[in-house]
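A.B. asks: Predicted coordinates and the sequence they were generated for:
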Amino acid sequence: MQHDTEKNTMMLSVQLEQPHSPDIDSDETYRVENQSMVVPDKYVAMMDGFEKKEHSWFAMSQIPTDLSIQVQDITFYVHKYPLLSRCAYFGRIELQPPKSNSSYDLKLDNFPGGPEIFEIILKFCYGLQISVNANNIAALRCASEFLEMTEALEDGNLITKSEAFFTFVVLSSWRDSITVLKSCETLSPWAENLQIVRRCCDTIAWKISRETSVVGEVINGEKWWFDDMATLRIDYFTRIITVLRVKEVDPGIIGSCIVQYGEKWLPSIESERGEMGRHNYVRSELQWNIISGMRGERDMGQTREQRMIIESLVSILPPQKDAVSCKFLLKMLKMAMLYSASPALISELEKRAGFVLESADVNDLLIPSYAAGDQGKILNSSEEQTMHNIEVVQRILEYFLLYEQQQMQQQQTGPLAISKLLDNYLAEIARDPKLPVTKFQFLAQSLPENARACHDGLYRAIDTYLKTHPSLSDHDRRKLCKVMNCGKLSQDACVHVAQNDRLPLRTIIQVLFSEQVKIRATTQGKSETEIADNSERENGGSSTAKEIKALKIELEKVKTQMAEVQRDYSELQQDYQKQHIKHRNSSAWTNGWRKFRKSALFHAKIDGEETDENHNRKIQSRRGSFRRRRSA
């Protein structure tokens, strides 16, 4: 579509004709209009314009004015007859003489367009030249309707002229239609009742649909009208998008237009939060609380306006899955929670984000925890709250898994992409010192077992959580590490696990054993290849069965050794507890022990010292054996 080159301004020249009647005196010439009003032409002949003095306008004429009209804070001093000849409104009301405490005869409340438009109408009534363009045509049309400037008084009255200009000039131009639609924002309800808004919206939607049908799938050509659409008020924008959806315009084009409108009118949370959640959670939480408090002090009118924009944009989103990106949906979700939108709207955004979750980024999922009803304020209660809203992400993930299950498609790319995204998200939220281990573990094991081809990302998240929570009990550590499959760790991850003292001993042993099994399987795979090149398949099959049997025997040996290690460990722990109790009670029987050594009974026990020494040697031998096994 090319920009319109129509002439945006029309000069309307209205001259009152001089009647030629021999029956009327030339000094007092009158004209009969529709046999309803006789207007002296001298008011027109001697009118030169208007002169402004402070807050008043005076008709420049040799004939004194006989009517004062106030529009807002401006008072116009004019003559009655020119107005009565064109405006049925003034002929219908009874003009009362001004009171002593007022300086006007008539006050026009809620006049469309204000004093500027009333001045143009006065010039029209006096027969002077007026300028009509896209900026004032809507106000002139509404004002002429307000003053009842119909054809019943005179042919070519202002209603007819303004309607013709709007229909044939404005609606044929894209730029003028946008300008008129924006000017209607202050003309409610006149612009709505006169169908000015509807006709502009329909015309704009028709031009867009015609352009998109010609251009096709090329979206670069629509950028220029995206900018114009973003300047409209939200209710006008919504009406145009609704018409475009009815005309079956490409959902991707509609979605792109909605995204650009949202980026213009909705603030950015990411710019306010900065790089929160990446380095210092304590510092980030303090910064976010300060920002939230500043937002809470904003005007409630602005909050309602932002909420209305969010709800309107969500209501006109195309139902197609790829109409808008997941990034935009998650931004809308954050803003909806920030401005306390309806729960149904938030649920709808969560569902739509779940359908396209594989295209999201980890920063998009970092949704702060808001208090319901408190715009942007972090939850404050006796219980410790997490920095990010884990429950929302959990619901979005459930929607994604449900959608994948409904599709009944065996696509490996979706789950793999989701697993990487979830692991990166777990690594980010693991830095929160207030995150409970139950929430972290529940979210970590939300995906199916075959969704992760490699567990390196999950191990990184678990290790980050253990580093952030050093006071975690051994039971919780072992329970958390069970989420990870040691057989799906890379070689570099296994090396890191072997040197990681934050992990439980059982997890380290499992990782080392899994690595040993991988090495043996790799070696056996090479030998099988060589055997297959030089021998028959039967010999290769028999050797494979033997190797599997050998692996099973070795596995049983390792299990036996682990059982022995655990038994030795329990015995050592019992000895330690006994010695600890003995040390605590030593002060109570120290004196008695000294007396016992001096007695003859003590000398009789000397013979049994060798037996005690043998028992101590056995304990030391067990300890040495345990150390060797642990080092192995």
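C.D. replies: In hand now; what should we look at? Numbering: from 1, shown residues only.
A.B. asks: Over to residue 77: give its phi and psi.
C.D. replies: With angles defined as degrees, to the nearest 10, residue 77 sits at phi -110, psi 110.
A.B. asks: count of neighbours near the closest residue to it other than its chain neighbours?
C.D. replies: Spatial nearest neighbour of residue 77, chain neighbours left out: residue 65 (4.3 Å); criterion: Cβ to Cβ, 6 or more residues apart in numbering. Where you see a C-beta, it was placed from the backbone N, CA and C, and this is true even at glycine. Neighbourhood size, residue 65 [other Cβ atoms under 10 Å]: 14.
A.B. asks: Now residue 65. Its backbone dihedrals?
C.D. replies: phi -80, psi 150.
A.B. asks: per-residue pLDDT, it?
C.D. replies: On pLDDT, residue 65 comes in at 81.
A.B. asks: Might you report the residue contacts of it?
C.D. replies: Contact analysis of residue 65 by Cβ atoms under 8 Å, 6 or more residues apart in numbering lists 58-59, 77-79.
A.B. asks: So what touches stretch 441-460?
C.D. replies: Identification of contacts with stretch 441-460 by Cβ under 8 Å, 6+ apart yields 390, 393-394, 397-398, 401, 415-416, 418-420, 422-424, 426-427, 461-462, 479-480, 483-486, 488-490, 492-493, 497.
A.B. asks: where are the low-confidence patches of the stretch 351-500 of the chain?
C.D. replies: Scanning the stretch 351-500 of the chain for pLDDT under 70 picks out 370-384, 408-416.
A.B. asks: mind listing the strands for the stretch 101-250 of the chain?
C.D. replies: For the stretch 101-250 of the chain, the strands defined by DSSP state E, counting those that start in this stretch cover 106-108, 129-133.
A.B. asks: need the helix or strand of the chain with the lowest average pLDDT.
C.D. replies: strand 30-33 (a mean of 33; mean pLDDT, DSSP states H and E).
A.B. asks: And residue 575, how close does it get to residue 568?
C.D. replies: As judged by Cβ to Cβ, to the nearest Å, residue 575 and residue 568 stand 11 Å apart.
A.B. asks: what about these two, which has more around it?
C.D. replies: Neighbours were counted for residue 575 and for residue 568 using other Cβ under 10 Å; residue 568 has more, 17 against 13.
A.B. asks: Tell me where the model's unsure across the stretch 101-250 of the chain.
C.D. replies: For the stretch 101-250 of the chain, residues meeting the criterion pLDDT under 70 lie at 101-104, 214-223.
A.B. asks: just the helices in it please.
C.D. replies: In the stretch 101-250 of the chain, the segments counted as helices under DSSP state H, counting those that start in this stretch are 114-125, 137-146, 158-165, 174-183, 190-193, 196-215, 223-229, 234-246.
A.B. asks: Likewise for the stretch 401-550 of the chain?
C.D. replies: 413-429, 437-444, 456-468, 474-481, 491-498, 505-534, 537-584.
A.B. asks: Can you say which of those is nearest to residue 323?
C.D. replies: Judged by Cβ to Cβ, the one of the helices of the stretch 401-550 of the chain that comes nearest to residue 323 is helix 413-429, at 18.9 Å.
A.B. asks: what sits against residue 108?
C.D. replies: Counting by Cβ under 8 Å, 6+ apart, residue 108 touches 69-71, 118.
A.B. asks: Would you mind giving the strands of the stretch 101-250 of the chain as TSV with distance to residue 248 added?
C.D. replies: Below are these laid out as TSV (distance: least, Cβ to Cβ, whole Å):
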stretch	distance to residue 248
strand 106-108	46
strand 129-133	35
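A.B. asks: Residue 423 contacts residue 463, correct?
C.D. replies: No. Residue 423 is not in contact with residue 463 according to Cβ atoms under 8 Å; the separation is 11.8 Å.
A.B. asks: Looking at those two, which is more packed in?
C.D. replies: Between residue 423 and residue 463, counting by other Cβ under 10 Å, residue 423 is the more crowded of the two (23 against 20).
A.B. asks: which residues touch that one?
C.D. replies: With Cβ under 8 Å, 6+ apart, residue 423 has these contacts: 452, 457-458, 460-461.
A.B. asks: of all those residues, which two lie farthest apart?
C.D. replies: It's 452 and 460 that sit farthest apart of the contacts of residue 423, by Cβ to Cβ, at 12.5 Å.
A.B. asks: Comparing the two, which residue is more hemmed in?
C.D. replies: residue 452 (21 against 17).
A.B. asks: what's that one sitting at in phi/psi?
C.D. replies: The phi/psi pair for residue 452 (degrees, to the nearest 10) is phi -100, psi 120.
A.B. asks: Could you check how far it is from residue 497?
C.D. replies: According to Cβ to Cβ, residue 452 stands 16 Å off from residue 497.
A.B. asks: now residue 74, nearest residue through space, not along the chain?
C.D. replies: residue 115 (4.0 Å).
A.B. asks: My guess is the one you found contacts residue 72. True?
C.D. replies: Yes. Between residue 115 and residue 72 there is a contact under Cβ under 8 Å: 5.7 Å.
A.B. asks: returning to that earlier point: state the pair within the contacts of residue 65 that is farthest apart.
C.D. replies: Farthest pair in the contacts of residue 65 (Cβ to Cβ) is 58 and 79. Separation: 11.2 Å.
A.B. asks: who has more neighbours, the two?
C.D. replies: residue 79 (23 against 16).
A.B. asks: residues in contact with the closest residue to residue 183 other than its chain neighbours?
C.D. replies: Nearest in space to residue 183, with sequence neighbours left out and distances taken as Cβ to Cβ, 6+ apart, is residue 138 at 4.9 Å. Contacts for residue 138 (Cβ under 8 Å, 6+ apart) come out as 166, 180, 183-184, 187, 191, 196.
A.B. asks: State the distance from the residue lying closest to residue 255 once chain neighbours are set aside to residue 480.
C.D. replies: Sequence neighbours aside, residue 323 is the residue nearest to residue 255 in space, at 3.7 Å (criterion: Cβ to Cβ, 6+ apart). Between residue 323 and residue 480 the computed distance is 39 Å (Cβ to Cβ).
A.B. asks: cool, and residue 432?
C.D. replies: On the measure of Cβ to Cβ, residue 432 and residue 480 end up 15 Å apart.
A.B. asks: do the same with residue 467
C.D. replies: Going from residue 467 to residue 480 by Cβ to Cβ gives 13 Å.
A.B. asks: who touches the closest residue to residue 478 other than its chain neighbours in this structure?
C.D. replies: Once flanking residues are discounted, residue 478 sits nearest to residue 504: 4.8 Å by Cβ to Cβ, 6+ apart. Listed by Cβ under 8 Å, 6+ apart, the contact set of residue 504 reads 474, 477-478, 481.
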